[in-house]
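**Q** need a structure here:
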Amino acid sequence: MKKYLFILTFLISSLSAQSQGVRFSFIANPQFAWFSGNDDNYESNGIFLGFNTGLEMDFFFSENYAFSTGITINNLKGGAIYSDSLVFDIGDKDKILIPDSRLTYNLQYLSVPLGLKFKTIEIGYSTYWLNTGITPMVRLKARATDETEYFEKENIITETRLFNINYFIEGGLEYSLGGNTALIAGLGYYTGFTDVTEKSNYRLTTQSFAVIFGILF
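**A** Have a look, this model is predicted:
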């Protein structure tokens, strides 16, 4: 993961040296995540704290409009209560989840947000912004735990899909610290399009709400 962030840092530095229309920021966003589904055989099991951190770039094509992208490591959790027993492949063997068990998924993705950002002119020391778009994500890790600890951080990477994608809308402000440096604060909502599991009878999508913190350079 550090390798990806190092590569992106190098690319951003190169682009910034060649164009004054590129701004980059480091973000560290706590988020509250859950699963949603559409089946009577299971239900969502609570809201969980996760974290999304990485680097983002804004490519300005006018003073107040930019294409926004970057690369982040996104840790999402979600829970489900299944009414039926299920067999899970955990690598070297199978485990059977008994009915009505509460299973918590811990998912980690490499995310590349693709958005269109709108910004106001600076008002005092503040600039207000809105960013909306989609985020393609590649699964890096997937583990599961249940309340009995029969499943205890089990590797279920073969039970989850490699790719995920969500839609997002974010908004907030930048507070200038002088020059090109500013603090970033905001809120974001993210809703998944695709099923995170490989089980054809159960469709789970990720949902999350984030508090955005960052520094813009």
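
**Q** For the protein, just list every one of the strands.
**A** All strands of the chain, identified by DSSP state E, fall at 22-37, 42-44, 48-62, 65-82, 86-89, 94-97, 101-111, 114-119, 126-146, 154-155, 163-178, 181-192, 204-216.

**Q** roughly how far apart are the spatially most distant residue from the centre of the chain and Leu187?
**A** The centre of the chain is farthest from one residue, Gly124, which by C-alpha atoms, centre = their mean lies 31.8 Å away. When distance is defined by C-beta to C-beta, to the nearest Å, Gly124 is 21 Å away from Leu187. Placement of C-beta: from N, CA and C, glycine included.

**Q** go on, Gln31?
**A** 10 Å.

**Q** try Leu107
**A** Distance from Leu107 to Leu187, by C-beta to C-beta: 22 Å.

**Q** These two: who's more crowded?
**A** Remark: of Leu107 and Leu187, Leu107 carries more neighbours, 24 against 13, as counted by other C-beta atoms under 10 Å.

**Q** for the protein, where's the lowest mean pLDDT among helices and strands?
**A** Least confident helix or strand, the chain: helix 2-18 with a mean of 52, by mean pLDDT, DSSP states H and E.

**Q** does the residue positioned nearest the centre of the chain have beta-bridge partners, and which?
**A** Closest to where the C-alpha atoms of the chain average out (C-alpha atoms, centre = their mean) is Asn74, at 4.3 Å. Beta-bridge partners for Asn74, by DSSP bridges, are Asn52, Tyr109.

**Q** Provide a list of residues in contact with it.
**A** By C-beta atoms under 8 Å, 6 or more residues apart in numbering, Asn74 lies in contact with Gly50, Asn52, Gln108, Tyr109, Leu110, Ser111, Met137.

**Q** between Gln31 and Leu187, what contacts are shared?
**A** Phe209, Ala210, Val211.

**Q** can those residues go into a markdown table with extra columns for pLDDT?
**A** Output for those, formatted as a markdown table (pLDDT from 0 to 100):
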| residue | pLDDT |
| --- | --- |
| Phe209 | 97 |
| Ala210 | 98 |
| Val211 | 98 |
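
**Q** Just the buried subset of those residues, please.
**A** Ala210 (16 or more other C-beta atoms under 10 Å).
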